[in-house]
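Q: quick one, structure for this:
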Amino acid sequence: MREKRPIRQNEKDLIEFLLKQLNLNPDDYPVDDYVDEYEDGKMGSISLGGNVDAYAGDLIQVEYVDSDETPVVITLTQDDKNHLLDLDFWKVDFTKLLTYPTPDKIMLRGEV
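A: Below you'll find the predicted structure:
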């Protein structure tokens, strides 16, 4: 098993922003102080401590354009007990995330 690391403030800020886009209270979705990185942090995806065997769907999916102009899809997921499961990043060319997104750079799906 990988060693957990402390969650970063920019990750907390992004999660809070995404929850607020859904009119959800971030206090109702507490985030663990420690997270697991997927793929050694290459794309930015983290496990938020929910039950990985109990995936219950995506809460929100947004888009971001990395500093190399490559699109990134960001998805916040939950488990069947309404705990946050993952903050998942998918950079369409599978390369390393260069610049971590800030809320002002996020586009809601379908937004132009």
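Q: okay, CA-based contacts and neighbour counts for the rest of this
A: Will do.
Q: which residues does stretch 55-75 contact?
A: Residues from elsewhere that reach stretch 55-75 (CA atoms under 8 Å, 6 or more residues apart in numbering): 18, 22, 76-80, 82, 85-93, 97-101, 105-109.
Q: please redo it, this time with the cut-off set to 6 Å
A: 76-80, 87-91, 106-109 (CA atoms under 6 Å, 6 or more residues apart in numbering).
Q: buried among these? Need that as a selection in PyMOL.
A: To isolate the buried subset of these in PyMOL, counting by 16 or more other CA atoms under 10 Å, use the following:
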select buried, resi 76+77+78+79+87+88+89+90+91+106+107
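Q: N10: which of the contacts of stretch 55-75 is nearest?
A: L87 (12.2 Å; CA to CA).
Q: chain neighbours aside, what residue packs nearest to that closest one?
A: L76 (4.7 Å; CA to CA, 6 or more residues apart in numbering).
Q: out of the contacts of stretch 55-75, show me where the pLDDT dips lowest.
A: For those, the weakest pLDDT value sits at R109, with 73.
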